[in-house]
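*Asks:* I would like to see how this sequence folds:
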Amino acid sequence: MIGQLAAVFNIAVCIGIPLGALVWLALRRRTGVKVFLLGAAGFFVSQMLVRQPLLALLGQTDGYRLFTAAHPVAQALFLALTAGLAEETARYLVFCLLARNKQPERGTPLWYGLGHGGLEAVLVGLNSVVLLAAAPETLAAAGGSVALAGVERIAAMTAQVALSFVAYCALRHRGFLLWAILLHGLYDFCIVLQLFGLTPLALEGVMMVFSLLLLAGAVRLWKGGRLHKKAQGVAGLLLTGALAAVAVPAAMTARGGTPPGWADAGAVQAQAREVIGLMNAGDYEGVAARYTDPNATAELFRQGGATVTAMGGFQGYGGAVYAAGMLPDGRQYAMVYQVADYEYGKLTYTVNLLEDGSVTGFFVRA
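*Replies:* Residues are numbered from 1 along each chain as shown. Prediction:
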């Protein structure tokens, strides 16, 4: 019951707030409806028609798949920066379009932000509608944690409005566009905190505080704050540093990485492929037998095997990269990131191997 109520909360937030804002604008601010719809269009074009399809194409390349598997933090930064670049560029172009004909009204950034963040929220809310109608048992099992999606959208819509004010300021000084991209990227990058143990509830608390501070600062800028040239330089340096933080791991991946000193790249790759072959053959007992952890049972790998089975027949291997890791007891292991091609797509395996060929870690991702 709690899960279903949480889904209703999500729907009220994710669909109710944007639709309520649109109705209010239709009754009180007719010009605001146009800007609201342009905001929704800005999100749809920048994300659904441009960024997401490009990322999907990129995800079909072995190099990108290996980069994301070997460097999850750098991947999170890359995704955050591309989101900022796509959405803030769209936001700025719409504001420029509005300014060509006449001076935009003062409420323009607010209305645009509600439309932009509103459509994004509606897409999240529709997921709750589907679950409520088709999979109530899933909601019941998740319980109150379902409501985190609605809380996250409140923070995100606040941030989208704030970023609209920052991008709007770029009409009087283009340096604000750099700050809009940077702040958007930083906001999205906060999700990486989960990799370091932050709980989902704590993360939403951080995002809410970030959103409110961002909105307060953005409105202050919009009311007349100026962007000093030094501030432009700082934004440029930060963006350059962020791009370097993505480019360096990507270059390391392209070179293939370095396994431990005791490991021969060809040998550990062959051992990793042996384990992957066992998974492809459905020999989960064989995979468990290679594992150092006695708690890693065949049943555990059988559950993961569903992902492999869903990809259809095995076609062959793609690229691979290597890295070194260390167990708490000081033993080094080789990390093999291996792309495998299947009938319906690609999978990326991570196989961690000790010097004797035993497995200390085995992961698969679509």
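*Asks:* mean confidence (pLDDT) on the host helix or strand of Ala155, please.
*Replies:* Assigned by DSSP states H and E, Ala155 belongs to helix 148-169. Taken as a whole, helix 148-169 has an average pLDDT of 95.
*Asks:* show me what that helix is packed up against.
*Replies:* helix 2-11, helix 17-28, helix 72-101, helix 108-134, helix 175-189, helix 200-222 (3 or more CB pairs under 8 Å, 6 or more residues apart in numbering; DSSP states H and E). All C-beta spots, glycine's among them, are computed from the backbone N, C-alpha and C.
*Asks:* and that helix with helix 175-189, angle?
*Replies:* When axes from the mean of the first three to the mean of the last three CA atoms, to 10 degrees is applied, the directions of helix 148-169 and helix 175-189 differ by 170 degrees.
*Asks:* quick one on the thing from earlier: Ala289 is nearest to which of the helices and strands packed on helix 148-169?
*Replies:* helix 72-101 (28.9 Å; CB to CB).
*Asks:* and the closest one with helix 108-134, angle?
*Replies:* Computed by the same axes, to 10 degrees, the angle separating helix 72-101 from helix 108-134 equals 130 degrees.
*Asks:* can you pull the buried residues of helix 72-101?
*Replies:* 74-92, 94-95, 98 (16 or more other CB atoms under 10 Å).
*Asks:* show me what it is packed up against.
*Replies:* With contacts defined as 3+ CB pairs under 8 Å, 6+ apart, helix 72-101 has these neighbours: helix 30-43, helix 62-70, helix 108-134, helix 148-169, helix 175-189, helix 229-255.
*Asks:* circling back: how about the helices and strands packed on helix 148-169 in a markdown table, adding mean pLDDT?
*Replies:* Shown next, in a markdown table, are the helices and strands packed on helix 148-169 (pLDDT from 0 to 100):
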| stretch | mean pLDDT |
| --- | --- |
| helix 2-11 | 89 |
| helix 17-28 | 93 |
| helix 72-101 | 94 |
| helix 108-134 | 93 |
| helix 175-189 | 93 |
| helix 200-222 | 92 |
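*Asks:* which one of the ones you listed lies closest to Glu274?
*Replies:* For those, the distance to Glu274 is smallest for helix 72-101, at 25.6 Å, taking CB to CB.
*Asks:* related to what we said a few turns ago, could you check the angle helix 17-28 makes with the helix holding Ala155?
*Replies:* Counting by the same axes, to 10 degrees, helix 148-169 lies at 50 degrees to helix 17-28.
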